[in-house]
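Asker: Sequence unavailable; structure follows:
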């Protein structure tokens, strides 16, 4: 494993420990070079309640390439919509050690616009 990835996972561990103490659902983001993935995870069981990604067929038709800011915004909006349908309003944002910039920021802003609070 590369040192950049190890450093990112170390930062992510600190954030997750803080969120675990708060005992709220967490919105976890993962970004690969070609796609963006987001999940809302229940803290006690570690179970995924809601998820969305740019790899989904409907999203790919809508956006084409899934590794940019536009795709992240669409994923954030879809996630917020699904969370609202599942009765989830408040979450803790887990950026997984990534900088709050670019795709991560676009996803977070779109999720907030969609009605999620964090």
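Answerer: Yep, that arrived. Computed from a predicted structure; not experimentally measured.
Asker: Count the neighbours of residue 5 for me.
Answerer: Number of residues near residue 5 (other CB atoms under 10 Å) recorded here: 10. Using the backbone N, CA and C atoms, a C-beta is placed for each residue, glycine as well.
Asker: Contacts only, for it.
Answerer: By CB atoms under 8 Å, 6 or more residues apart in numbering, the contact set of residue 5 is empty.
Asker: State the distance from it to residue 30.
Answerer: Separation of residue 5 from residue 30 (CB to CB, to the nearest Å): 12 Å.
Asker: ok, now residue 85?
Answerer: Distance of residue 85 to residue 30, computed by CB to CB: 22 Å.
Asker: Residue 37 too?
Answerer: Per CB to CB, residue 37 is found 5 Å from residue 30.
Asker: Looking at the two, which one has more neighbours?
Answerer: Taking neighbours as other CB under 10 Å, residue 37 and residue 30 compare with residue 37 leading, 20 against 16.
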